[in-house]
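Colleague: I'll drop the sequence and a predicted model, then ask my questions.
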Amino acid sequence: MFVPKYTITNKILRSIGISEAAREVIMNAPLVPAWEAKFRKEAVERTVHHGTHLEGNPLSEEEVRDVLEGQEVVARDRDVQEVINYRNVLSFIDSIQSQIGYAQRYNFTIETILEIHRLTTQKVLPPESSGQFRLRQVVIRNTKTGQISYTPPPAVEVPYLIEDLVTWINSAESKLVHPILKAAIIHYEIARIHPFVDGNGRVARAVATLVMFLDGYDIRKFFSFEEYFDESPMQYYLTLQAVSNQLVLDTHERDLTPWLEYFTEGVAIELNRVKEKVQRISVDLKIKDKLGGQVMLNERQMMIMEYIHRHKGMSNKDFRKVFPDFSDDTVLRELMFLRKKGLIKKSGGTKKAIYVLK
């Protein structure tokens, strides 16, 4: 049976501590509900872009955004399809979480992994390979030198290795593991087994994300650890391979600690980014009690709050910078609403007025 081997180091503890602190801020920050749809949309766009770019997809962030919004993009059909597929994978993850919720324990199955692979490779791989374990040996080569950098287990072992992993995911021991560590372990093991002819990295990250969500660690779905991996793809792959290439008699004797340190640090960095973004557009926590709850703002009001946070104030001459397509009267109405809610205050006369946080 699969039993991961690792040591909880000070580096891992520090990263999880940072993640927990950031999570607390994000989950309880005022004004977050008003920005929830926007943050989630941005997280999906980042996840899809970096998750596919990490695997060699050349589409830019803007092109990925256009594809997700249904616009035409001049690109290879395969590249566009990969983007659409990964968006469908994220929707599949959402559907599982919404159906199960946190009250029930989700019985993770091999079919879950196969379905994620099918969605990942739909119209990219032949039907007989999509959603099916590989039937042949594959190797991982260095793209520059052509040398073999890692040889995954034989194809005949794949179903048994995945079954072992799924058994561990559903085990009592797994329930005691912190969601971030569990996600890291699952990601590594799927990448090590390399159960498919293509799409293994995306499947590994998607399954890791799903397990975090099912453990109640979705953090409002504002984060995307793919961005951290994609910032230095060489380090990502080398860290995985360094663990997989350890010289041990039994594969279960591999020490996952270096990978867990790398993974937990990435989650900490990403959640800290989200926390800082939330804080930039959030008013002091005291406002939550003052207004009797979190404040719902429309898109223009949110843009005003973000501008004032970033620039420490907004004057009449700034209206055109922020809202080139709206009249001054429209902007003034939004400012009046924010003033009535006690979020901002006005100083100076009408023409030289400056709006700042209250």
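Modeller: Noted; the coordinates are in hand.
Colleague: report the contact partners of the residue lying closest to Ser347 once chain neighbours are set aside.
Modeller: Excluding the flanking residues, the one nearest Ser347 by CB to CB, 6 or more residues apart in numbering is Ile354, at 5.2 Å. Where you see a C-beta, it was placed from the backbone N, CA and C, and this is true even at glycine. Ile354 sits next to 313-315, 346-348 when contact means CB atoms under 8 Å, 6 or more residues apart in numbering.
Colleague: which residues does Ile354 form a beta bridge with?
Modeller: When assigned by DSSP bridges, Ile354 has beta-bridge partners Ser315, Ser347.
Colleague: tell me the pLDDT of it.
Modeller: In the prediction, the pLDDT value recorded for Ile354 is 91.
Colleague: how far away is it from Met302?
Modeller: Using CB to CB, to the nearest Å, one obtains 20 Å as the distance from Ile354 to Met302.
Colleague: likewise Ala172?
Modeller: In terms of CB to CB, Ala172 sits 44 Å off from Met302.
Colleague: show me what the helix or strand where Val64 lies is packed up against.
Modeller: Assigned by DSSP states H and E, Val64 falls within helix 61-68. Contacts defined by 3 or more CB pairs under 8 Å, 6 or more residues apart in numbering; DSSP states H and E place helix 61-68 against helix 32-53, helix 77-100.
Colleague: all strands for the chain, in order.
Modeller: 140-141, 148-150, 314-315, 344-347, 354-357 (DSSP state E).
Colleague: phi, psi of Leu125?
Modeller: Note on Leu125: backbone dihedrals following degrees, to the nearest 10 are phi -100, psi 160.
Colleague: repeat that for Gln147.
Modeller: Residue torsions, per degrees, to the nearest 10, at Gln147 are phi -70, psi 150.
Colleague: number of nearby residues for the closest residue to it other than its chain neighbours?
Modeller: Closest residue to Gln147 apart from its sequence neighbours, by CB to CB, 6+ apart: Arg141 at 6.5 Å. Counted with other CB atoms under 10 Å, residues neighbouring Arg141 total 12.
Colleague: with the one 4 residues further on instead?
Modeller: Applying other CB under 10 Å, we find 8 residues neighbouring Thr145.
Colleague: number of nearby residues for Pro153?
Modeller: So Pro153, with other CB under 10 Å, has 15 neighbours.
Colleague: so who does it touch?
Modeller: Pro153 makes contact with 161, 192-194, 251, according to CB under 8 Å, 6+ apart.
Colleague: cross those residues against helices and list the overlap.
Modeller: Counted as lying in helices by DSSP state H, out of the contacts of Pro153, are 161, 192-193.
Colleague: would you mind giving the residues you listed as CSV with neighbour count and pLDDT added?
Modeller: Output for those, formatted as CSV (neighbours: other CB atoms under 10 Å; pLDDT from 0 to 100):
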residue, neighbour count, pLDDT
Leu161, 21, 96
Arg192, 23, 95
Ile193, 24, 96
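Colleague: that older thread, quick check: the farthest pair among the contacts of Pro153?
Modeller: His194 and Thr251 (12.6 Å; CB to CB).
Colleague: the two: who's more crowded?
Modeller: Higher neighbour count among His194 and Thr251: His194, with 24 against 15, using other CB under 10 Å.
Colleague: tell me the contacts of the more buried one?
Modeller: 134, 138, 140, 152-153, 200.
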